[in-house]
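[1] how does the following fold in three dimensions:
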Amino acid sequence: MINSKVGLIGGGNMARAIGGGLLRGGMHATDLMIAEPLPEQCEVLRQELYGAMVTDDNKHVARAAEVLLFAVKPQILKPVCEELVAEVQASRPLIMSIAAGPMIDDIDAWLGGNLSVVRVMPNQPALIDQGISALYANERTSGEHRELAEKIMTAVGHAVWLDAEAKIDAVTAVSGTGPSYFYLLIDVMIESAIRYGIDPETARSLAVETARGATALAAAETESMASLIERVRSPGGTTTAAFEYLDDKDARGIFATAIDRAEQRAAELAKLASEA
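    Below is the predicted model:
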């Protein structure tokens, strides 16, 4: 259980997920603070995270927090940070950021410098406590702060540490963007089943439960994905027919290139943020 006062700057979906995960994990609601500018979103947060302090005052949260987690869009992170320099330098909380792009040295500088900063790349399944987050900390981050950052993110799933900040771009492309790749495949499976005459509800169940089962088996087994494919595939069978077409169209290469594009865009966002 986390006993530190955690402040979230931004109250969007990921902030709601993290806040909810912390409360479900036993954190006292009075130790959770969220700053969100939209009144209607504040009402949603007050209902979903009952007992937490919800405000539109970023400075109030920054003054009181022992952990200050930025959950805002990358393009506004710099001005949001720069408005909080005095408060952050006075309270010196552990800084966490889930914004894709802005790098630790930039975040540290925007907040006045010499802070413990952890960058995090979570993903959408955190909304149901099934996420995977990658973390990277600067040299000023103590072992205690690293442990605290990990506890916060494992409240909504799993967490791994990276040995280089540059690898966060790859994580963004693989696991941050990754859920959408699976949604695409599930959607194609649903549409195909409907085209074959299966009703939409059954089609969705077939596709989603197949994805759920395949993921569970992949997690349970130690074999490579190629080995698992071969266990489904038989000579002259339906899987072979499907994969012959996929291989002919270079489906693996297409997806690999798409992931490359996502990684390149993550690097571009980091550059744009540092130049802003």
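[2] where are the low-confidence patches of this protein?
    Residues of the chain that meet the criterion pLDDT under 70 lie in 276.
[3] the residue located most distally from the centre of it and I95, how far apart?
    Centroid-distance maximum for the chain: G236 at 40.8 Å, with C-alpha atoms, centre = their mean. Distance of G236 to I95, computed by C-beta to C-beta, to the nearest Å: 58 Å. C-beta coordinates here come from the backbone N, C-alpha and C atoms, glycine included.
[4] what do you get for D57?
    Distance of D57 to I95, computed by C-beta to C-beta: 18 Å.
[5] more neighbours: which of the two?
    More crowded of D57 and I95, by other C-beta atoms under 10 Å: I95, with 27 against 11.
[6] hang on, the more buried one packs against E66?
    No. In this structure I95 lies outside contact range of E66 using C-beta atoms under 8 Å: 11.0 Å.
[7] so what strands line up beside the longest strand anywhere in the chain?
    Using DSSP state E to define each element, the chain has its longest strand at strand 131-137. The pairing partners recorded for strand 131-137 under DSSP bridges are strand 117-121 (antiparallel), strand 157-161 (parallel).
[8] can you get me a residue count around the residue nearest to S142 when sequence neighbours are not counted?
    Sequence neighbours aside, S116 is the residue nearest to S142 in space, at 6.7 Å (criterion: C-beta to C-beta, 6 or more residues apart in numbering). Around S116 there are 22 other residues, counting by other C-beta under 10 Å.
[9] in stretch 81-93, what's buried?
    81, 84, 87-88, 91, 93 (16 or more other C-beta atoms under 10 Å).
[10] can you flag which of those belong to helices?
    Using DSSP state H, the subset of those located in helices is 81, 87-88, 91.
[11] could you pull out the helices in this structure for me?
    Using DSSP H, helices in the chain cover 13-24, 39-48, 58-64, 74-82, 85-91, 104-110, 143-154, 167-171, 178-195, 200-220, 225-232, 238-248, 251-275.
[12] could you point out which of the ones you listed sits nearest M121?
    Using C-beta to C-beta as the measure, helix 167-171 is the one of these that comes nearest M121, at 4.7 Å.
[13] so which elements touch that closest one?
    strand 117-121, strand 131-137, helix 251-275 (3 or more C-beta pairs under 8 Å, 6 or more residues apart in numbering; DSSP states H and E).
[14] starting at the chain centroid, how far to the shortest one?
    Mean-position distance between strand 117-121 and its chain equals 11 Å (C-alpha atoms, centre = their mean, to the nearest Å).
[15] just the CA atoms of it, as CSV, please.
    The C-alpha trace of strand 117-121 is given here as CSV (Å, rounded to 0.1, in the frame of the first residue of the first chain):
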residue,chain,number,x,y,z
VAL,A,117,12.3,12.3,-12.3
VAL,A,118,10.9,9.1,-13.6
ARG,A,119,9.5,8.8,-17.1
VAL,A,120,6.8,6.2,-17.6
MET,A,121,5.2,4.7,-20.7
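[16] can you tell me the centre-most residue of this structure?
    When C-alpha atoms, centre = their mean is applied to the chain, the residue found nearest the centroid is P122 (1.8 Å).
[17] out of the helices and strands packed on helix 167-171, which is the most enclosed?
    strand 117-121 (a mean of 26; mean count of other C-beta atoms under 10 Å).
[18] between that strand and helix 13-24, how big is the angle?
    Per axes from the mean of the first three to the mean of the last three C-alpha atoms, to 10 degrees, the angle that strand 117-121 makes with helix 13-24 is 110 degrees.
[19] sorry, back to before: the residue nearest to S142: what's it in contact with?
    By C-beta atoms under 8 Å, 6 or more residues apart in numbering, S116 lies in contact with 94-95, 137-138, 140-142, 145.
[20] do L32 as well
    Per C-beta under 8 Å, 6+ apart, neighbours of L32: 5-6, 8, 19, 22-23, 49, 51-53.
[21] mind running it again at 6 Å?
    L32 sits next to 6, 19, 52 when contact means C-beta atoms under 6 Å, 6 or more residues apart in numbering.
[22] which among those residues gets closest to I107?
    I107 lies nearest to V6 out of the contacts of L32, by C-beta to C-beta, at 17.4 Å.
[23] the closest residue to that closest one other than its chain neighbours - how many residues pack around it?
    Of all residues not flanking V6 in the chain, V67 sits nearest, at 4.7 Å (C-beta to C-beta, 6+ apart). When neighbours are counted by other C-beta under 10 Å, V67 registers 22.
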